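1. Here you go, sequence then predicted model.
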Amino acid sequence: MSDYKVGIIVGSLRKESFNRKTANAMIAQAPQNMTFEFLDIGQLPFFNEDLEDQPPQEWEDFRAKIKEMDAFLFFTPEYNRSVPGVLKNAIDVGSRPYGQNCWNDKPAGVVSVSISKISGLGANHHLRQSLVFVNMHTMAQPEAYIGDAGELFDAEGELTQADTRDFFKTFIGAFEQWIANFVKK
């Protein structure tokens, strides 16, 4: 088995983010041949094509990190039936300048996390649309819509639900197999 470097992109900047807690809980269930790195998107200046002649260093650093990764897991909350602006901005920064899309041909997984029962369905699907356009290979099954997130973690941020832990293990195992379809080492 090959080792896979997986970038984690969390669309919530909140300190006690349920998306970050979910990412950590899923990583804990991952096969040993996967390594993970959280890519910070909160510091990225808004994309503006006028800046491409002298791009901000944060853009350059982020684009370099994207290129280092074999695959990506995106964790998104739902804001107004879509993804947070900071997440969309990260996708835009990585896909530019035109013809230099850093996301191109990389495998991806999408997890939406919400305190509601709707579980971020709208954000999940909007994110998938953007990832298709930047030519990422987004895993179709199993889908991951995590609802009632406020009930899943204890005060220390640890996952308390055995059935959810089992699902995370299934999801991350399927994602490992998904990566193997596209990344040959």
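-> Yep, that arrived. Residues are numbered from 1 along each chain as shown.
2. pLDDT weak spots in the protein?
-> Low-confidence segments of the chain, defined by pLDDT under 70: 1.
3. Mind doing that once more with 90?
-> Low-confidence segments of the chain (pLDDT under 90): 1-2, 117-119, 184-185.
4. What lies in contact with the top helix by length along it?
-> What stands out as the longest helix in the chain, according to DSSP state H, is helix 162-182. Residues outside helix 162-182 that contact it (C-beta atoms under 8 Å, 6 or more residues apart in numbering) are 2, 4, 6, 22, 25-31, 33-34, 70-71, 73, 105-107, 109, 111, 137, 139, 141-142, 144, 146, 152, 159. All C-beta atoms are positioned from the backbone trio N, CA, C, and that covers glycine.
5. can you do 6 Å?
-> With contacts defined as C-beta atoms under 6 Å, 6 or more residues apart in numbering, helix 162-182 is touched by 4, 25-26, 29-31, 71, 107, 109, 137, 139, 142, 144, 152, 159.
6. Surely residue 144 and residue 109 touch.
-> No. If you go by C-beta atoms under 6 Å, residue 144 and residue 109 don't touch, sitting 7.4 Å apart.
7. how about the helices in the chain?
-> Using DSSP H, helices in the chain cover 18-27, 57-68, 85-95, 121-133, 162-182.
8. buried residues in the longest one?
-> Think helix 162-182. For helix 162-182, the neighbour count (16 or more other C-beta atoms under 10 Å) marks 164, 165, 167, 168, 171, 172, 175, 176, 178, 179, 180 as buried.
9. and if you look at the fourth one?
-> By neighbour count, and taking 16+ other C-beta under 10 Å as the criterion, the buried residues in helix 121-133 are 121, 122, 123, 124, 125, 126, 127, 128, 130, 131.
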